[in-house]
Structure formats: structure tokens, C-alpha cells
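Student: kindly return the folded structure for what I paste below:
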Amino acid sequence: MTEVSTILCRQCGSAMWKTKKDEKNIVMQLLGVVVFLIGLCLLFAFPIGTVIGIVLMLVACQMGFKRKKVWKCDACGYYFERA
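Tutor: Alright, predicted model coming up:
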């Protein structure tokens, strides 16, 4: 099975390229900072608080940010998700 690296744009007919699009949500990022700080405080509550604190800090690092695989047209800026 061969992998296609370009296709034609539905809007303008130019070539589309495989790329990644970052989606950011500022509210979720701020919530992630709060969750991170709570996890940091729990690190000092031995023994179970340390485990919960580490888990909260890891979860907080991924809040508010998502990277999607897309096909993007450089000519008109049109994009759509790919599998």
C-alpha cells in the first residue's frame, strides 16, 4: 500500500500537504496551572499524596493543548483532519 503525500484542495485546486495543527485553549491551560500547583503541594503529603501529586502534575501538563493531523492547503489556508 502506497502512502499519498499530497492531494488536491477542494476549495482552490492547489496541492495540500500533510501537517499538524495545534489547538490551544487558554481556559484549560490556566486550569492546568492550578491543577499542577495542587499536585505540587500534594507531593509533600506522604505516602499517598506523593503518588496523587505526581499523577496530577502529569495530567496538568497535557491540559489545554491538542495536536491534530491535518491536510493543509498553502495557497488558500483550507485544512481538514486526516486519519
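Student: which helix or strand contains the most centrally placed residue in the chain?
Tutor: Within the chain, one residue has its C-alpha closest to the average C-alpha position: by Cα atoms, centre = their mean, that is residue 66, at 1.5 Å. For residue 66, the enclosing helix or strand under DSSP states H and E is strand 65-73.
Student: hmm, residue 41 and residue 56 touching each other?
Tutor: No - taking contact to mean Cβ atoms under 8 Å, the distance of 9.6 Å between residue 56 and residue 41 leaves them out of contact. In this view, the C-beta of every residue, glycine as well, is placed from N, C-alpha and C.
Student: pick out whichever of the two has more residues nearby.
Tutor: Neighbour comparison, residue 56 and residue 41: the larger count goes to residue 56, with 20 against 12 (by other Cβ atoms under 10 Å).
Student: distance of that one from residue 83?
Tutor: Using Cβ to Cβ, to the nearest Å, residue 56 is found at 32 Å from residue 83.
Student: OK, contacts around the nearest residue to residue 49 once chain neighbours are set aside?
Tutor: The spatial neighbour of residue 49 that comes closest, neighbours along the chain excluded (Cβ to Cβ, 6 or more residues apart in numbering), is residue 42 at 4.3 Å. Shown here is residue 42, whose contacts under the criterion Cβ atoms under 8 Å, 6 or more residues apart in numbering are 49-50, 52-53, 56.
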